[in-house]
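Undergrad: Whatever this is, show me its structure:
(one chain, ligands or ions: 1)
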Amino acid sequence: MWSARGVIHILFAGAFVLSWVAVASSLEHAPKVENVYADVEEKPMAKRQLTPEEERVIINKGTERAFTGTYYEHKEDGTYVCRQCGASLFGSQSKFDSGCGWPSFDQALPGAVQEVPDADGRRTEIVCASCEGHLGHFFRGEGLTEKNTRHCVNSVSLDFASATEPVREAAYLAGGCFWGVEHHLQRIPGVQEVTSGYMGGKVRKPTYESVCGGETGHAEAVEVIFDPAVTSFKAIAKLFFEIHDPTQLNGQGPDIGHQYRSAVFYLSEDQRVATNSLVSQLRRKGYDVVTEVLPAGTFYPAEEYHQDYYDKMGKSPYCHSRVSRFD
Ligand SMILES: [Zn+2]
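TA: Down below sits the predicted model:
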């Protein structure tokens, strides 16, 4: 879905370094829905949580002020991706200087962008084909390039993956209290960042209190960002199955409740297959694994005081310790 389709890339850009992830294109996209947040569970893609300005443009179809966007005069080699879902949209070779004040491209990547009649009845709106986030407008016949087309895109709707940027992958795992899962997983060589948060629920922007109350349906989960040249999803998932008890239903140790359920939220077919293979291995060893294996939804980072909790406290987890289950 970026330049190399089928490979999961993680883009860290600007001020939004930790908050979004792109997903592999091997996932099938869910049927279109009016509101992209209508049911996050139907959309097997990870989405960033948007800032108010991003929401104004991407969700409410607003327009950034001309000549103000980050990417208007940006000339690096790489791929412009959807700010909301990380899907690859435009290659840098299709970008040209239109003088209009917004990033302009004369060609989108195949199937990446969808044209729809604008609500103004005159123009053609363009949206991300993966998440339906608003990008801008499409114009034909202006004679600006040989292709004679212009995708006029808000910088706010975009992120950029530099051609020279290292590839990173993500994994989303839920195994009880996220403090303990984060503590163990961030010690794996090749893991660059682990963030505690929430996934798998039905409402936007859940809080710790609402998740604990059980009304949102979210699980306490972690986002693991890793370098696939050093470690692998399978290695991380394997350790995950050893630092929590995958046979405990709707709870982990003393923490009882649906928000403490065991789950792997996969981003690609490869991650799904790897997870199921580990589950099968455990079942063959007699473990009655209850871990849910589901497509990733939106990941919401938890409140700051939950991040690196045990390191901040100088304590060790009460809820998680490693038990050898595969050997
Ligand atoms: Zn998108």
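
Undergrad: from here on, contacts and neighbour counts on C-alpha atoms
TA: Noted.

Undergrad: Would you mind listing what in the chain touches the ion?
TA: Residues of the chain found near the ion (CA under 5 Å from the ion) are C82, C85, C128, S130, C131.

Undergrad: With distance to R325 as extra columns, can I get the residues you listed in a markdown table?
TA: As requested, the residues of the chain next to the ion are arranged in a markdown table below (distance: CA to CA, whole Å):
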| residue | distance to R325 |
| --- | --- |
| C82 | 40 |
| C85 | 35 |
| C128 | 43 |
| S130 | 38 |
| C131 | 39 |
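
Undergrad: between those residues, which has the most around it?
TA: Counting neighbours by other CA atoms under 10 Å, C82 leads these with 32 neighbours.

Undergrad: who's in contact with that one?
TA: With contacts defined as CA atoms under 8 Å, 6 or more residues apart in numbering, C82 is in contact with S88, L89, C128, G133, S157, L158, D159.

Undergrad: From those, which land in strands?
TA: Using DSSP state E to define strands, the subset of the contacts of C82 located there is S88, L89, C128, L158, D159.

Undergrad: Restricted to strands, list the residues of the chain next to the ion.
TA: Short answer: the residues of the chain next to the ion in strands (DSSP E) are C82, C128.

Undergrad: Among the residues of the chain next to the ion, which one sits closest to P103?
TA: Comparing those against P103 with CA to CA picks out C82 as the nearest, at 13.4 Å.

Undergrad: Look up how far L109 lies from that closest one.
TA: With distances taken as CA to CA, to the nearest Å, C82 is found 12 Å from L109.

Undergrad: Any chance you could list residues touching both of these two?
TA: Between them, C82 and L109 share the neighbouring residues S88, L89, with contact defined by CA under 8 Å, 6+ apart.

Undergrad: At which residues are the helices of the stretch 1-150 of the chain located?
TA: Remark: helices assigned in the stretch 1-150 of the chain by DSSP state H, counting those that start in this stretch are 52-54.

Undergrad: Okay, now the unreliable bits of it?
TA: Judged against pLDDT under 70, the low-scoring parts of the stretch 1-150 of the chain cover residues 1-46.

Undergrad: So out of everything in the stretch 151-300 of the chain, what residue is nearest the ion?
TA: S157 (8.5 Å; CA to the ion).

Undergrad: about what we covered before: pick out the most distant pair among the ones in strands among the contacts of C82.
TA: C128 and D159 (12.6 Å).

Undergrad: related to what we said a few turns ago, could you single out the nearest of the ones in strands among the contacts of C82 to K285?
TA: Scanning these for proximity to K285, where the rule is CA to CA, the winner is S88, at 41.5 Å.

Undergrad: how deep is that closest one tucked in, by neighbour count?
TA: The number of residues near S88, taken as other CA under 10 Å, comes to 32.

Undergrad: So in this protein, which helix runs the longest?
TA: For the chain, the helix reaching the highest residue count under DSSP state H is reported as helix 269-284.

Undergrad: Quick check: which helices or strands does it pack against?
TA: Using 3 or more CA pairs under 8 Å, 6 or more residues apart in numbering; DSSP states H and E as the contact definition, the elements that helix 269-284 packs against are helix 233-243, strand 292-295.

Undergrad: Just name the most buried of those.
TA: Mean neighbour counts were taken over these using mean count of other CA atoms under 10 Å, and the top value, a mean of 19, falls to helix 233-243.

Undergrad: Off-centre distance for that one?
TA: 20 Å (CA atoms, centre = their mean, to the nearest Å).

Undergrad: which outside residues touch it?
TA: Counting by CA under 8 Å, 6+ apart, 170-171, 173, 175, 181, 184-185, 188, 271, 274-275, 278, 320-325 sit against helix 233-243.

Undergrad: Out of those, which sit inside helices?
TA: Assigned to helices by DSSP H, the following of the contacts of helix 233-243 qualify: V181, H184, L185, Q271, A274, T275, L278.

Undergrad: Can you spell out the domain ranges of the chain, please?
TA: Described in terms of automatic domain parsing, the domain architecture of the chain consists of the residue ranges 4-31+166-313, 52-162.

Undergrad: now the farthest one out in this protein, which residue is it?
TA: Among the residues of the chain, the one whose C-alpha is farthest from the average of all C-alpha positions is G143, by CA atoms, centre = their mean at 37.4 Å.

Undergrad: Skipping adjacent residues, who's closest to that one in space?
TA: Sequence neighbours aside, T149 is the residue nearest to G143 in space, at 7.6 Å (criterion: CA to CA, 6 or more residues apart in numbering).

Undergrad: S88 versus that neighbour, what's the distance?
TA: The spacing between T149 and S88, counted by CA to CA, is 19 Å.

Undergrad: Make sure F178 is actually in contact with M199.
TA: No. At 11.4 Å, F178 and M199 do not qualify as touching, with contact defined as CA atoms under 8 Å.

Undergrad: burial count for the residue of the stretch 151-300 of the chain closest to the ion?
TA: Residues within reach of S157, counting by other CA under 10 Å, total 28.

Undergrad: Once you drop chain neighbours, what's closest to it?
TA: R83 (5.1 Å).
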